[in-house]
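A.B. asks: Below are the sequence and a predicted model for it; my questions follow.
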Amino acid sequence: MNAYKQLTLAQLKLFARNRQMLFWSVAFPIFLMVMMGSFLGQGNSLSLQGMIVDEDGSAASAEVQSRLLESGALTLTQADTSTAAMERLRAGDTSFVIVLPAGLGEAIDAAIPGQAASVRLYTDETQLTVSELARTTVTYVIDEVSKARTGYVPLLTVESEGVQALDLGYIDFLVPGIVAMMIMTTNLNGVAGQISSWRERGILRRMQSTPLHASSFIAAQITARLLLNGLQAVIVLLIAQLIFGTQVNGSWLLLLAFVVAGTLAFMSIGFVIAGVAKTPESAGPISGFVSFPLLFLGGVFFPIQNMPKFLQPVVELLPIAHLSTALRQIMNVGAGLTEVWYEAALLGGWLVIAFIAASLTFKWE
Amino acid sequence: MAHEPERPVIEATGLIKRYGNFTAVGGVSLEVRRGEVFGLLGPNGAGKTTTMEMLEGLRLPDEGSARIAGYDTRTELARVKEVIGVQLQSTSLFDLLTVREITAMYASFYRVPTLPVEPLLERVLLREKLNDRVKHLSGGQKQRLAIALALVNDPQVVFLDEPTTGLDPQARRMLWDIILGLREEGKTIVLSTHYMDEAEILADRICLMDSGRVVALDTPRRLIERLASASAIEFDLAAEPHASEEERERLLSRMQSLASVEQAEIRKDRVILYVDNLQQALTALIGMADRESLPLAGLQTRTASLEDVFIQMTGRSLREG
């Protein structure tokens, strides 16, 4: 017990005295957050950039176009021909194309019941989120125009709140991802690097020659890193709140519980890498090899839904994906444990498997 | 005062350690008595460290067994660890901790009562460095700290693996004083070194090792006395650097026939004559050199040392790999 306390204390002192490590491990996530947060726009959750083509040129089509342009949800640029606009859409330069076809004005003016005039919307169906949002918004605006024209007075209306009321932006998506990334890198890369270097330098071997148990040693490592990561996560979250006004809508306690679970899972993976790596020099590249794909596939910076379909089953199993999803759910939507139990279970599964692998591969020398 | 012959504090029988086809230690048996400084002397790669690690229980022997203070290193390792103190050949410590912190940390690893930190560090002359970080210590100070850490549990046996390697002469002497001080206190010390002067000064008994085997085991004085010759004469062969193997052999056999010369050897272009009567041999050598105008460059005489014992027993010098 005394050894555990002393080793925990020693590790915390090592953290505290390694100013550079401490600074960069907090500064890097914040830097990343500020960079990506400012570049990719704060406030706008997903910028819906599209093109509009007026092939009709009538007064009615001009009215529809101006209504669409006025709607704040869409960022529209006008195009001369639909072929040009469609090319841009296929090239991925624009997210959707609205075409007001020739004859639209006449059809509206004629107002033959049962034969509604139509506005065409082209989207890139591989971009599910964007095309869905574009469809909803365009439908809404067109519906309004149509209602105004026919003088329709609704019997029922919907007071729209919900997600909108939370006022979520990309930054709200990003910050939980960055916390997840920080937990992964400081633990996975950190543990792999430190333990293999301690082994190389004979520090572990010297400890092995004393009655110290591996369990006390590992427990102390875990405790110290949990305290460090908890602190780092809180600092990053508070700074995000200060600069970008991100919120924690769910419980801080549940959030920290996921920080703990993530720390344990990634530490165990770090121990496995330290056990497999023959030298500290190879521990770096190996942990990079493991963590780098996780960073990009695991929904840290981009939604998993945006990943290519064939990758999704793989991505679904990654520990970082579930950590970032859970953090996001708790922070953004205020999810409780009942809503994130699946993420908790998968992360827990990773923890158990990695811990068993770590204890099988751990060696003092 | 007569007393019962005490059981040796270390008993090792038939220790063998192989790595693949390479046999690092090929059957070492030895006993270490309580209170003695036991030196493992040999060149690099002789198997000193592997032997030591098998005695400490850090490495399991492929064959053979070792007991420390009666505890088997295989089956009672936890007990062994409580009664030994270890300084490894190349341990680095946490650079960012202070001397006091790291000592307290190591003390916490033991269940047996440990020594108070300050007097312990006083003993290795690190009292004034108590609050300095390990990073700022010199090589000698770090090595002294490593010894303090090996003493923290007041062990019965202290293992010191090449404690002075890489230190400057002054730091070495300081370390020798500390080790001799520990001997005064009655600690049993197992010390490995490839410096023969160190073994000669510190060790009560020396186990001479080569290629994983014990070549000889005795007190330094008796090891030297085993040599038939008490002195050695050396000079350079530089006068005939291109001498053929045959010419060298002829020269050696002529040297061998000189009065009082027991054995003649050429090592690295230097002729070494082991003699039992220095004056007689010198007179004969100089006479021969005069007659044959053989230049005796770099002529030296000295008393035979452990180095010579090693050369005579293995045909190699301690400094050779």
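C.D. replies: Ah, there it is.

A.B. asks: Can you spell out which helices and strands pack onto the longest helix anywhere in chain B?
C.D. replies: If each helix of chain B is counted by residues according to DSSP state H, the longest one is helix B:169-184. Judged by 3 or more CB pairs under 8 Å, 6 or more residues apart in numbering or on different chains; DSSP states H and E, helix B:169-184 is in contact with helix B:139-151, strand B:188-193, helix B:196-202. Glycine gets a C-beta too; all of them are placed from N, C-alpha and C.

A.B. asks: Recalculate using a threshold of 10 Å.
C.D. replies: strand B:37-41, helix B:117-123, helix B:139-151, strand B:157-161, strand B:188-193, helix B:196-202 (3 or more CB pairs under 10 Å, 6 or more residues apart in numbering or on different chains; DSSP states H and E).

A.B. asks: Kindly reformat these as JSON lines containing distance to B:T23 and mean neighbour count.
C.D. replies: Converted to JSON lines, these look like this (distance: least, CB to CB, whole Å; neighbours: other CB atoms under 10 Å in any protein chain shown):
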{"stretch": "strand B:37-41", "distance to B:T23": "17", "mean neighbour count": "27"}
{"stretch": "helix B:117-123", "distance to B:T23": "39", "mean neighbour count": "16"}
{"stretch": "helix B:139-151", "distance to B:T23": "29", "mean neighbour count": "22"}
{"stretch": "strand B:157-161", "distance to B:T23": "20", "mean neighbour count": "24"}
{"stretch": "strand B:188-193", "distance to B:T23": "19", "mean neighbour count": "25"}
{"stretch": "helix B:196-202", "distance to B:T23": "24", "mean neighbour count": "20"}
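
A.B. asks: The one helix or strand A:A224 maps to: which residues count as buried?
C.D. replies: Per DSSP states H and E: A:A224 is located in helix A:214-244. Neighbour counts using 16 or more other CB atoms under 10 Å in any protein chain shown place A:216-218, A:220-226, A:228-229, A:232-233, A:236-237, A:239-240, A:243-244 of helix A:214-244 among the buried residues.

A.B. asks: from the residues you listed, which are also near chain B?
C.D. replies: With CB under 10 Å from any CB of the partner chain as the criterion, the buried residues of helix A:214-244 include A:216-217 near chain B.

A.B. asks: hmm, stretch B:7-23 in reach of chain A?
C.D. replies: No. Against chain A, stretch B:7-23 shows no contacts by CB under 10 Å from any CB, the least distance being 13.3 Å.

A.B. asks: Which of the helices and strands in chain A ranks last by mean pLDDT?
C.D. replies: helix A:163-166 (a mean of 44; mean pLDDT, DSSP states H and E).

A.B. asks: Dump the helix or strand that it is followed by to PDB, keeping only the CA atoms.
C.D. replies: Following helix A:163-166 in sequence order, the next helix or strand is helix A:170-184 (DSSP H and E). Provided in PDB are the C-alpha atoms of helix A:170-184 (Å, rounded to 0.1, in the frame of the first residue of the first chain):
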ATOM      1  CA  TYR A 170     -19.100  22.200 -35.400                       C
ATOM      2  CA  ILE A 171     -17.200  23.200 -32.300                       C
ATOM      3  CA  ASP A 172     -19.600  21.300 -30.200                       C
ATOM      4  CA  PHE A 173     -18.900  18.300 -32.400                       C
ATOM      5  CA  LEU A 174     -15.200  19.000 -32.300                       C
ATOM      6  CA  VAL A 175     -14.500  19.500 -28.600                       C
ATOM      7  CA  PRO A 176     -15.600  16.100 -27.300                       C
ATOM      8  CA  GLY A 177     -13.600  14.600 -30.100                       C
ATOM      9  CA  ILE A 178     -10.500  16.500 -29.100                       C
ATOM     10  CA  VAL A 179     -10.900  15.400 -25.500                       C
ATOM     11  CA  ALA A 180     -11.200  11.800 -26.700                       C
ATOM     12  CA  MET A 181      -8.100  12.300 -28.800                       C
ATOM     13  CA  MET A 182      -6.200  13.700 -25.900                       C
ATOM     14  CA  ILE A 183      -7.100  10.800 -23.700                       C
ATOM     15  CA  MET A 184      -6.000   8.400 -26.400                       C
END
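
A.B. asks: Run the angle between the longest helix of chain B and helix B:139-151 for me.
C.D. replies: With axes from the mean of the first three to the mean of the last three CA atoms, to 10 degrees as the basis, helix B:169-184 and helix B:139-151 are set at 20 degrees to each other.

A.B. asks: In helix B:169-184, which residues are buried?
C.D. replies: Those would be B:171-172, B:174-176, B:178-179, B:182-183, for helix B:169-184 by 16+ other CB under 10 Å.
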